[in-house]
Every structure is written in structure tokens, then in C-alpha cells.
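Participant: Sequence first, then the predicted structure:
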Amino acid sequence: MSVRPEQQGEGPPPYKYIERNEFSYRKHKKQKEEDIAICVCQYDPKDPDSACGEQCLNVLTSTECTPGYCPCGDLCKNQRFQKCKYARSRLFKTEGRGWGLLADENIKAGQFVIEYCGEVISCKEAKRRSQSYEVEGLKDAFIISLNTFESIDATKKGSLARFINHSCQPNCETRKWNVLGEVRVGIFAKQDILSGTELAYDYNFEWYGGAKVRCLCGATCCSGFLGAKSRGFQEATYLWEDDDDRYSVENVPLYDSEDDEPTSKFLKAIVVSKDNTVAEREIEDLMRSTDDLETVMLSEAKPISVPPLNSVQMELNDGNSEKQVDISFFPQVAQKKFTQKSSTISRIRIKGSPQYSNGKSKNHARKQLNVRLIGERLSSKEACDELLAYEEVKNSASVQLNNLYDEIRPAIEEHERDSQDSVSTTVAEKWIQASCCKLKAEFDLYASIIENISCTPRRARDDAMTEAEGTGNDIKYLENGH
Ligand SMILES: C[S@@+](CC[C@H](N)C(=O)[O-])C[C@H]1O[C@@H](n2cnc3c(N)ncnc32)[C@H](O)[C@@H]1O
């Protein structure tokens with residue numbers, strides 16, 4: 001294993017330094033001649049930017065020029081990944097977050113900082129490796145998503161980009177570029193960065209399980225944990241109850257990335273007691289006794305307080321969310337559409353239906369109507385049949401919506417991870433349609449129950465309501481309606 005000189009001695013654990021992605025499970029794609037995008041730039045000695053600067057059609061579509069084809073020849077400035085045109089940076093030891101990377105020169109907003117290099121692996125292999133790293137006790141995550149099917153693993157082989165830490169208020173961002181037919185991930189400056197400042201980007205960390213790592217970025221807008229914004233984290237943390245806007249958080253084992261021991265220090269919770277009094281308490285207290293609590297909610301108003309990063313300057317950004325570049329088309333040449341999306345770091349778990357530590361799945365909280373029982377209490381068989389028919393439609397609409405959720409979940413997750421402006425229209429339309437069908441089916445069923453009960457002689461109706469109350473059904477709301 002080769003290690004760069006500055007990493008010897010007191011340096012980080014060994015890894016192989018590479019400046020090109022390595023392909024083990026498949027070959028590097030060979031760019032076909034007809035796929036090569038040729039720009040129309042013409043070098044003007046009075047304007048150095050003319051040789052494939054910001055206005056170059058390839059630059060505008062996040063595609064590097066192909067050597068030998070670019071009209072600007074050796075003067076082409078749009079081969080930064082290929083020529084490793086990195087900004088100068090150096091490693092340093094952080095407090096609590098392992099190693100990090102500092103700018104070793106002033107960096108301009110938009111500048112290419114470094115490529116995130118590693119081994120290109122399939123998503124299946126990424127899941128396998130991620131689990132085995134976790135079993136090995138490796139706490140730092142180095143797997144970054146490349147696209148739906150592939151990831152880059154910089155755990156054992158990578159560039160210095162593998163040392164860039166996460167910040168909820170980052171000065172850098174990831175961008176994907178098309179380089180000689182392969183997608184590559186670059187770290188770009190979001191703002192001017194002074195020499196000596198720590199480089200950081202938002203990991204958009206996907207959390208699928210395991211320890212919840214406390215984020216120590218020190219930003220005022222810090223979300224508290226790596227992956228706190230991800231669906232997996234939120235589903236595992238909050239137990240949403242249907243028909244109830246209260247929610248609760250489980251007792252969460254917390255890990256500092258530097259510690260081995262779970263910690264709950266700093267974490268506050270808003271507690272709503274049974275008598276509806278609201279108080280702020282330490283999670284530690286809650287862990288000792290939760291008997292008197294009805295609702296426990298992580299406080300958003302008071303995020304975990306961490307000491308500011310005093311060893312580095314973290315610059316404030318303008319507060320905008322991560323910039324996204326629209327899909328661009330390059331009409332002049334046969335150019336495939338290319339999305340410039342950010343990448344995410346993840347600790348991947350094989351996904352199943354969302355499960356909570358108490359063994360409940362998300363839908364278990366839903367109350368069930370005993371339609372058959374209500375139907376049996378109605379005066380006419382037609383009314384009963386009508387209710388059962390509506391129930392069947394409602395059930396099948398629910399099944400369809402659930403199936404659709406499983407089908408489109410990867411797309412929704414990708415959308416959330418990559419902060420896309422919108423989920424694809426077809427997915428969104430399908431989802432809206434299925435949701436509407438389910439809502440309509442539910443409405444029809446409830447309307448039919450109301451209608452048939454109101455037309456039912458008083459004794460039968462009272463019986464129906466008594467039976468339904470006995471089963472804890474939603475029929476109670478009819479009492480208010482009549
Ligand atoms: C890609 S590595 C970054 C380099 C790492 N610090 C090292 O020493 O090799 C990502 C890991 O660094 C740690 N890390 C990065 N940013 C962090 C943050 N803001 N708070 C806590 N830990 C962080 C976490 O352990 C994470 O899994």
C-alpha cells in the first residue's frame with residue numbers, strides 16, 4: 001500500500017493513494033467516437049477564457065473535452081479531472097471528527113477542488129462492503145453514491161477527497177461530471193475559501209440503521225446527526241401516528257464519531273406529559289423514566305450544542321440550499337442528457353419495511369374499521385353489501401398505493417438525497433393518482449356508512465355503534481356527526 005509522504009508517521013490509517021477511479025467489477029467504459037462532444041471554442045490569445053472557459057458548450061453540460069478532439073488542443077482548460085487540476089490542500093487532525101482537509105491556498109467560488117476517487121463498485125457490492133466495514137468496526141464511512149447503480153468506495157483506495165468532512169453549512173459541494181464517457185465526482189467550492197480553512201461539503205448522508213453519529217460540524221444550522229435529514233433516519237426516529245399530530249422519538253443510542261460509547265449528553269427533548277404540560281428535559285432523564293410521558297419530541301429549537309471548531313475557520317455561506325444545475329441539452333452534437341447531481345455518503349443497510357425497535361411497522365398504528373360488523377347491524381342486506389363493496393375498493397386502493405410506494409421508493413429516496421428540484425413527473429403523477437384513488441375510496445366508504453346508518457332504524461343503529469365502540473373503531477366520529 002502506498003501512502004503519500006505527509007500521511008506517514010502520525011498520519012491516518014493506511015490507504016492506497018489514487019488519482020483515478022479503479023474499476024474491479026467492470027471495465028472502464030471506452031468512449032465511442034460518435035459520443036464525443038466537440039465544442040466550438042476558438043482560442044483567442046487576448047482572452048484566456050476562450051479556450052474552454054465558462055462559456056464552453058461542454059463546460060455548460062458538465063462534460064470534459066476529449067483530448068485530440070477539442071479545437072483548443074493543449075490550451076483547453078476543460079480537462080481538470082483528466083489532468084488532476086486540484087486546488088492545493090493538506091491534511092490536519094480535527095477535534096472529534098478524525099482527519100480533515102484544509103485549503104492550502106485561496107480557492108475561488110466555483111473552482112474545482114479535487115476529485116473524489118476510489119473504487120467504482122456496484123450498489124450491491126456497496127451494501128455488502130458497508131455491512132462488512134461496520135462488522136469490522138470501521139466507523140468512518142467512505143462510500144459515496146455515483147448513480148442509481150454504482151458507488152465509489154474510497155475506504156481502501158482514494159484521493160485526499162476521502163478526508164473531507166461533512167458540514168451542515170458547507171463551503172464545498174459535490175458535482176458529477178462526464179469525463180470520457182464515465183461519470184466522476186468532483187468537490188467544488190461553493191464560495192471563496194481562504195487558505196487554512198477546512199474544506200467541507202454536505203454529505204446528504206443516507207442513514208439506514210446502526211449507530212447514529214453525532215454531527216460535530218459546529219454550524220448553527222446543524223441537524224444534529226449525520227443523516228438526520230435522510231428518510232431512514234427519520235422513519236426510525238419518529239413514530240408517526242395516523243390521525244394524530246403527536247409524534248415520539250425512541251431512546252436513541254448516540255455515538256460521537258470519536259467515541260466508542262453511546263452518549264446522550266447535550267440532547268434535549270420537549271416532553272409533553274399526560275396532563276399536557278410541556279417541559280424540556282435531558283434525554284438521559286427520559287431514558288431513566290418514561291412512564292409519565294405521553295409524547296417525547298426532539299427539540300428543534302435547541303439543536304445539540306457543540307463547541308465551535310476553533311482549529312479552523314468555517315466561513316458562513318449565503319444560506320442558500322445546495323445549488324443544483326438543471327439538466328442541459330447540447331443540441332449541436334449527439335450529446336446524451338446528463339444530470340449534474342450531488343453525491344451522498346452512506347452507511348448502507350439492506351432495506352426492508354420500516355421497522356422500529358419496538359417491532360412495530362409504520363402502518364400498525366392505523367385503526368381498522370370493522371365494516372362487516374357495521375354492515376351486519378344495518379337493516380337491509382343491500383346496505384351491507386354496499387358497505388362491503390366499498391371496503392373492497394378501499395382495500396384494493398390501499399394495496400395499490402403500498403405497492404406503488406415500494407416501486408417508487410428508490411426514486412423518491414434518490415430525489416431526497418440529491419435535493420432534486422422535483423421527482424420525475426411520471427412518478428409524481430402515479431403517486432398523486434393512487435393517493436387520490438385511496439382517498440376517494442375511503443371517502444365513499446365513510447359516506448356510505450353515514451348514509452346507511454342515518455337511514456337505519458334507531459335500535460339497529462345504536463347496536464351498530466355499541467359494537468363498533470367495543471372494537472375501538474373510528475365509528476365514534478359518527479357520534480359527533482349526528
Ligand atoms: C469520508 S470520512 C472523512 C474523513 C475522516 N474524518 C477520517 O478521519 O478519515 C467520513 C467520516 O468522518 C467522520 N465525520 C465527517 N464529518 C463529520 C462531522 N461533521 N461530525 C462527526 N463526524 C464526522 C464520520 O465518522 C464519517 O463517517
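Facilitator: Looks like it came in fine. Computed from a predicted model, the values in this text were never measured in an experiment.
Participant: C-alpha from now on. contacts and neighbour counts both.
Facilitator: Noted.
Participant: list the buried ones in stretch 108-115?
Facilitator: Of the residues in stretch 108-115, 108, 111-115 count as buried by neighbour count, 16 or more other Cα atoms under 10 Å.
Participant: Go through those residues and flag which are in strands.
Facilitator: Among those, the ones falling in strands (DSSP state E) are 112-115.
Participant: how about these in CSV, adding pLDDT and distance to the ligand?
Facilitator: Formatted as CSV, those follow (pLDDT from 0 to 100; distance: Cα to the nearest ligand atom, whole Å):
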residue, pLDDT, distance to the ligand
F112, 98, 18
V113, 98, 15
I114, 98, 14
E115, 98, 13
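Participant: now, which of those sits nearest S167?
Facilitator: Within those, proximity to S167 (Cα to Cα) peaks at V113, which comes in at 16.3 Å.
Participant: pretty sure the closest one is touching G186, no?
Facilitator: Yes: V113 lies in contact with G186 (Cα atoms under 8 Å); the separation is 7.3 Å.
Participant: Packing partners of the strand or helix carrying S130?
Facilitator: Using DSSP states H and E, S130 falls within helix 123-136. Where contact means 3 or more Cα pairs under 8 Å, 6 or more residues apart in numbering; DSSP states H and E, helix 123-136 is packed against strand 150-153.
Participant: Mind doing that once more with 10 Å?
Facilitator: strand 119-122, strand 143-145, strand 150-153, strand 346-347 (3 or more Cα pairs under 10 Å, 6 or more residues apart in numbering; DSSP states H and E).
Participant: any idea of the mean pLDDT in the second one?
Facilitator: If I follow you right, that is strand 143-145. Averaging pLDDT along strand 143-145 gives 91.
Participant: for this protein, what's the longest helix?
Facilitator: In the chain, assigned by DSSP state H, the helix with the most residues is helix 381-417.
Participant: mean confidence for it?
Facilitator: On average, helix 381-417 scores 78.
Participant: Likewise for stretch 51-66?
Facilitator: 96.
Participant: Now do the buried residues in it.
Facilitator: 51-53, 56-66.
Participant: Distance to the ligand for the residues you listed - can I get that in a markdown table?
Facilitator: Conversion of the buried residues of stretch 51-66 to a markdown table gives the following (distance: Cα to the nearest ligand atom, whole Å):
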| residue | distance to the ligand |
| --- | --- |
| A51 | 34 |
| C52 | 32 |
| G53 | 30 |
| C56 | 32 |
| L57 | 32 |
| N58 | 30 |
| V59 | 27 |
| L60 | 28 |
| T61 | 27 |
| S62 | 24 |
| T63 | 25 |
| E64 | 25 |
| C65 | 29 |
| T66 | 30 |
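Participant: Identify those among those residues that sit within strands.
Facilitator: Short answer: those have none in strands (DSSP E).
Participant: related to what we said a few turns ago, hmm, who's touching the helix holding S130?
Facilitator: Residues outside helix 123-136 that contact it (Cα atoms under 10 Å, 6 or more residues apart in numbering) are 25, 120-122, 137-153, 155, 210-211, 346-351.
Participant: These: which ones sit near the ligand?
Facilitator: 139-142 (Cα under 6 Å from any ligand atom).
Participant: Of these, which belong to strands?
Facilitator: Those of those lying in strands (DSSP E): none at all.
Participant: Cool, thanks, talk later.
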